[in-house]
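# quick one, what's the 3D model for this:
(chains A and B)
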Protein chains: 2
Amino acid sequence: MARPELNFWFEFASTYSYPAAMRAAPLARANGVALYWRPFLLGAIFKAQGWPTSPFNIYQNKGRYMWRDLERICRELDLPFVRPNPFPQNALLAARVALIGLTDGWGQDYCRAVYRAEFGEGRNIGETATIAQVLTALELNASAILEQAQSEKIKLRLRAETEEAQKLGIFGAPSFVTADGELFWGNDRLEAALAWAKR
Amino acid sequence: MARPELNFWFEFASTYSYPAAMRAAPLARANGVALYWRPFLLGAIFKAQGWPTSPFNIYQNKGRYMWRDLERICRELDLPFVRPNPFPQNALLAARVALIGLTDGWGQDYCRAVYRAEFGEGRNIGETATIAQVLTALELNASAILEQAQSEKIKLRLRAETEEAQKLGIFGAPSFVTADGELFWGNDRLEAALAWAKR
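Numbering: from 1, shown residues only, chains lettered A, B, ... in the order given. Okay, here's the model as predicted:
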């Protein structure tokens, strides 16, 4: 039998993508599931639903609840948590760099480091300096990577990935999609998605 | 130490309230938590958020996902599932009757029977005949109860409960609220809510 596979669709500005990104790799490994990290941008998808910003900013009770829920989840997982300011952050550069890293082999460490910077240390990942610092801390050539991130090829790839997410019916992050097209939405569905992938 | 308590806020038209209503009582019992069933109406709360109907009808991708997710959850729990038509159903009468039953001791059985009729058998709980049949099947005096449900006292109580839900910051169903005011939203947060209640 082929090794089970699961696509992990995430957006760096997404709050529940933070605990998901921290949990996904070890859980997938423990389940013998190959996990594909798929960064994308939620902005266009939210706009198509009539939301100019995060629904957590538009619907205040929902937003208030989410911050408290996320705080509880992070405490449970022993993850540091600082509420990002501004929220949501501009994740465009972070996502472009992730595409490079996920091809070059340092992507997963980079993704976790970006989430840690944003949600664990209160740094603004919308600033190029933050991404540069994250790359440098991973002993990577930040300036070369940042230049590559501005290439037409990478820009188009991120756009194509976001379109692919939309085609899959994805409307939020994190989302998990199995090889047979089952969609699971939310950090709390990671276990169910892994179980489905293994069926 | 006092027995831990948990308020279970639910709405009969709410999809994820169905599995929650079926799971809540045995799980609470197993955890030694006193569970208070609190029916309320989501309509006013949705309207305050600018939604004239269920957000699952407004946001199509989210709606499509929810139906599939609910189907998977019901299969996992061995619960029958039929997609209600119309959706959402008018839960006003069902909720008023629930308030009577939860005072009189037959409320929990009634609530589960209403959910089963709606989501397990495809019956329309917005019709008085359906509620009458549910009551009769429980060997209750349907006509007396339906008359009581139209009393000013019961109408006002349901309105007060819905206002209380709003004050607690509830924006969806099912929601769970602990004695110290912690809010948990969603069928998938039942376990976390029970754990919090026992802290």
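
# which other helices and strands does the helix or strand of chain A with the lowest mean pLDDT contact?
Within chain A, confidence by mean pLDDT, DSSP states H and E is lowest for helix A:43-48 among all helices and strands, at a mean of 90. With contacts taken as 3 or more C-beta pairs under 8 Å, 6 or more residues apart in numbering or on different chains; DSSP states H and E, helix A:43-48 sits against helix A:152-167. Where you see a C-beta, it was placed from the backbone N, CA and C, and this is true even at glycine.

# hmm, the following helix or strand past the helix it packs on touching chain B?
Reading on from helix A:152-167 to the C-terminus, the next helix or strand found by DSSP states H and E is strand A:175-178. No: for strand A:175-178, no contact with chain B is found by C-beta under 8 Å from any C-beta of the partner chain; the gap never falls below 8.9 Å.

# packing partners for strand A:175-178?
Checking 3+ C-beta pairs under 8 Å, 6+ apart, strand A:175-178 ends up next to strand A:5-10, strand A:183-185, helix A:190-197.

# returning to that earlier point: got a list of contacts for the least confident helix or strand of chain A?
Judged by C-beta atoms under 8 Å, 6 or more residues apart in numbering or on different chains, the contacts made with helix A:43-48 from elsewhere in the structure are A:52-55, A:162, A:165-166, A:170-172.

# what about residue A:167, how many residues nearby?
The local packing of residue A:167 (other C-beta atoms under 10 Å in any protein chain shown) involves 8 other residues.

# ditto for residue A:156
For residue A:156, the count of nearby residues is 10 (other C-beta under 10 Å).

# over to residue A:60?
Counted with other C-beta under 10 Å, residues neighbouring residue A:60 total 12.

# same check, this time on residue A:161
Number of residues near residue A:161 (other C-beta under 10 Å) recorded here: 18.

# surely it and residue A:36 touch.
No: counting by C-beta atoms under 8 Å, residue A:161 stays clear of residue A:36, with 11.1 Å between them.

# show me what the longest helix anywhere in chain A is packed against.
Of all the segments assigned as helix in chain A under DSSP state H, the longest by residue count is helix A:60-77. Packing partners of helix A:60-77 (3+ C-beta pairs under 8 Å, 6+ apart): helix A:17-30, helix A:55-58, strand B:183-185.

# list of residues touching it?
Contact partners of helix A:60-77, identified using C-beta under 8 Å, 6+ apart, comprise A:15-16, A:18-19, A:22-23, A:54-57, A:80-81, A:83, A:119, A:187, B:49, B:169-172, B:182-185, B:189, B:192.

# hmm, back to that, need the helices and strands packed on strand A:175-178 in JSON lines (columns: mean neighbour count and distance to residue A:99).
Output for the helices and strands packed on strand A:175-178, formatted as JSON lines (neighbours: other C-beta atoms under 10 Å in any protein chain shown; distance: least, C-beta to C-beta, whole Å):
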{"stretch": "strand A:5-10", "mean neighbour count": "23", "distance to residue A:99": "12"}
{"stretch": "strand A:183-185", "mean neighbour count": "23", "distance to residue A:99": "22"}
{"stretch": "helix A:190-197", "mean neighbour count": "20", "distance to residue A:99": "22"}
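
# mind putting the ones you listed into CSV with distance to residue A:106 and mean pLDDT?
Below are those laid out as CSV (distance: least, C-beta to C-beta, whole Å; pLDDT from 0 to 100):
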stretch, distance to residue A:106, mean pLDDT
strand A:5-10, 17, 98
strand A:183-185, 27, 98
helix A:190-197, 23, 98
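
# compare those and report which one is nearest to chain B.
With C-beta to the nearest C-beta as the criterion, chain B lies closest to strand A:183-185 of the helices and strands packed on strand A:175-178, at 5.9 Å.

# next, see if the closest one gets close to chain B.
Yes: when contact is scored as C-beta under 8 Å from any C-beta, part of strand A:183-185 falls within range of chain B: A:183-185.

# what is residue A:184 paired to in the beta sheet?
Beta-bridge partners for residue A:184, by DSSP bridges, are residue A:176.

# that one reaches residue A:176, doesn't it?
Yes: when contacts are counted by C-beta under 8 Å, residue A:184 is listed as touching residue A:176 (4.3 Å).

# joint contacts of these two?
Contact with both residue A:184 and residue A:176 is made by residues A:190, A:193, according to C-beta under 8 Å, 6+ apart.
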